[in-house]
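> Based on what follows, work out the 3D shape:
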Amino acid sequence: MNESGKSEQEQLDWQLVEAVLFSANHPLSVPQLKKITGIKETGKVQEIIDELNEFYGDHNRAFLIKKVAGGYQMRTTARFMKWIKRGKIVKPIQLSPSVMETLAIVAYKQPITRAEVEEIRSVDATYALKSLLDKKLLKITGRKEIPGRPILYATSNTFLEVFGFNTLKDLPRPEEFDILTEKENEAGIDQTGEMI
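Numbers count the residues shown, from 1 in each chain. Below you'll find the model as predicted:
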């Protein structure tokens, strides 16, 4: 054992998980991390993630490992978002207020048809839905079993990843909307609806 109390293999496992998460461009699940790193025990991967996050917190790192979209991803802590945005390090996704409103409706009412979105918004939703599909924030989940069999829309894993949610259960409840600004800052969204 070295001075940190970890064997060489334990240190290597830490480094493997950290390196794989650092280089991944999308969240990775525990089974994916096990397969990539060769770590056999499921609990060991989760333990390493927890230990790394504790280490990052103890050493005031500017990043952490966050569970999003059913997997884990390295993320910058929210307090550094304004500098990241200022440097345009991450290409922003522009969402107009009408597109953002459509996305919110789909997120809370999914699966939902275009006509149902339009009934809530009282305006045509064709452009907004197409824009959200193009940005991969929405996906088509099938067709509703009614006459005409309209397309059903739902949020995608990209939506969860971009907004920093692990599952849809993490969406703020309507009674929590007064603290929505804090959630937007965590997700890297400014007041104009621009994601960073």
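
> Give me the most central residue, the chain.
The chain has residue 161 as the residue nearest its centroid, 1.8 Å off, counting by CA atoms, centre = their mean.

> helix, strand or coil for that residue?
Three-state secondary structure (criterion: DSSP: H, G, I helix; E, B strand; the rest coil) places residue 161 in helix.

> quick one: the strands in the chain?
Defined through DSSP state E, the strands belonging to the chain, from first to last, are 63-68, 71-76, 112-113, 138-143, 151-155.

> low-scoring stretches of this structure, by residue?
1-4, 85-92, 175-196 (pLDDT under 70).

> How is it partitioned into domains?
What the record gives for the chain is the domain set 8-76, 97-187, from automatic domain parsing.

> Nearest to residue 82, out of those domains?
domain 97-187 (9.1 Å; CB to CB). Where you see a C-beta, it was placed from the backbone N, CA and C, and this is true even at glycine.

> That closest one: how far from the chain's middle?
Domain 97-187 has its average C-alpha position 14 Å from the chain's average C-alpha position, going by CA atoms, centre = their mean, to the nearest Å.

> heads up, I number from 51, so please use that
Sure thing, new numbering starts at 51, so read that last one as domain 147-237.

> Who does residue 125 form a beta bridge with?
For residue 125, the beta-bridge partners are residue 114 (DSSP bridges).

> Hmm, I typed the wrong one, I wanted residue 78.
The residues listed as beta-bridge partners of residue 78 by DSSP bridges are residue 122.

> Contacts only, for it.
Applying CB atoms under 8 Å, 6 or more residues apart in numbering to residue 78 gives the contacts 70, 71, 86, 121, 122, 123.

> Return a PyMOL selection command for the buried portion of these.
The buried residues among the contacts of residue 78 can be selected in PyMOL (16 or more other CB atoms under 10 Å) with this line:
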select buried, resi 70+71+121+122+123
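
> how about CSV for the domains of the chain, with distance to residue 134 added?
Output for the domains of the chain, formatted as CSV (distance: least, CB to CB, whole Å):
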stretch, distance to residue 134
domain 58-126, 6
domain 147-237, 12
